[in-house]
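A.B. asks: Could you work out the structure for the sequence below:
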Amino acid sequence: MLSQRTIETSVGLFLLAAMLALAILAFKVSGLTSFFQPEGYNVTAQFDDIGQLKVRGPVKIGGVLIGEVSQITLDPTTYRAIVTMRINSKVTDIPSDSSASILTAGLLGDNYIAITPMYSDHYLTNGSVIQETHSAMILEKLIGQFLFKIGNMGNEQQENHS
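C.D. replies: Numbering: from 1, shown residues only. Now for the predicted structure:
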C-alpha cells in the first residue's frame, strides 16, 4: 500500500502540472506572449479608417484565414493607420498588386482584413507594402449620411412648394 506521503506528493505534482497547463493555455489564447508565434512574414498597409480592427484580427483571402494583424500604429505625418499583418509562411504566392480591405463579419461582427489577389507575377515578401487599400465602412457614419440626405430632401421639397 502507498504511504500517505507518496500520495500527497503525486497529488501535488498533478496539481502543479495542471496549473502549468492552464497558464500556458491562458497565455496562448490571450495573445499576451509571443512564445507560440507562427512562422510567417510581415506585410503592411495604410488605411484612412480601421474601424474596430484589433491586433490579432484575422487576415483572409477568399474567406480562408492566412494570417493575423500583428500591429497597428499611426503615421505621424499623414495621420493614417499603419496595419502590420503577419502572413502564414505557407502562403507565399500573394501577388504584389493585391488590395486589402477592412470588412465586417456579419452586420455587427468584428472587423477583419480581406486581401483580394490581383495578377502580378511578383509576390508579397517580408516588408512588402500593399498600396491599394479600402477602409472600413463605419455603420454610424453611413446612418448619419443617410439621415442627412433624408433631411436635405425634406428641405428641398419645402422650398419647391414655396
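
A.B. asks: residues near L103, how many?
C.D. replies: 16 (other CB atoms under 10 Å). (Each C-beta comes from the backbone N, C-alpha and C, glycine too.)

A.B. asks: and it, what does it touch?
C.D. replies: Shown in contact with L103 (CB atoms under 8 Å, 6 or more residues apart in numbering): N111, Y112, I113, A114, A136.

A.B. asks: ok, now K54?
C.D. replies: Per CB under 8 Å, 6+ apart, neighbours of K54: V69, I72, D110, N111.

A.B. asks: which one in these is the model shakiest on?
C.D. replies: Minimum pLDDT for the contacts of K54 is recorded at D110 (84).

A.B. asks: Next, count neighbours for that one.
C.D. replies: 14.

A.B. asks: quick one: it from D97, how far?
C.D. replies: 27 Å (CB to CB, to the nearest Å).

A.B. asks: What of Q145?
C.D. replies: For Q145, the distance to D97 - CB to CB - is 31 Å.

A.B. asks: try I24
C.D. replies: 41 Å.

A.B. asks: Looking at the contacts of L103, which are in strands?
C.D. replies: N111, Y112, I113, A114 (DSSP state E).

A.B. asks: and the second one, what does it touch?
C.D. replies: If you count contacts by CB under 8 Å, 6+ apart, Y112 has them with L53, G57, P58, V59, K60, I102, L103, T104, A105.

A.B. asks: If we use 10 Å, what do you get?
C.D. replies: For Y112, the contact set (CB atoms under 10 Å, 6 or more residues apart in numbering) comprises 53-54, 57-60, 63, 65, 68-69, 101-105, 136.
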